[in-house]
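[1] sequence unknown, structure follows:
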């Protein structure tokens, strides 16, 4: 039937490393916490769909490839009350 694609965070990290996509457990948990990698909570565990993690790491949606824009703030600005 093939490999199971619904995995825990720890299993996802192990599988990603085996697939040549190294990511730390700490980093993956951070991405889950901020919503970058979608998960489902089952009791105390977060389960994720492994192909979603692979797509995220490979930037298949192109989201991380856009240049960052930084708003430059300099000097003193007026604050109206």
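    Looks like it came in fine. In this text the structure is predicted, and so the values were computed from the model without any measurement. Numbers count the residues shown, from 1 in each chain.

[2] Summarise which helices and strands the longest strand anywhere in the chain is packed against.
    If you go by DSSP state E, the chain has its longest strand at strand 45-49. On a contact count with 3 or more CB pairs under 8 Å, 6 or more residues apart in numbering; DSSP states H and E, strand 45-49 meets strand 6-8, helix 9-18, strand 40-42. (C-beta placed from N, C-alpha, C; glycine too.)

[3] Go again with 6 Å.
    Judged by 3 or more CB pairs under 6 Å, 6 or more residues apart in numbering; DSSP states H and E, strand 45-49 has no packing partners among the helices and strands.

[4] mind checking the SS state of residue 56?
    For residue 56, the assignment made with DSSP: H, G, I helix; E, B strand; the rest coil gives helix.

[5] Just give the nearest non-adjacent residue to residue 58, would you?
    residue 21 (7.8 Å; CB to CB, 6 or more residues apart in numbering).

[6] Make sure the one you found is indeed in a helix.
    No - going by three-state DSSP, the assignment for residue 21 is coil, not a helix.

[7] I figured it was touching residue 57, is that so?
    Yes - under the criterion of CB atoms under 6 Å, residue 21 makes contact with residue 57 at 5.0 Å.
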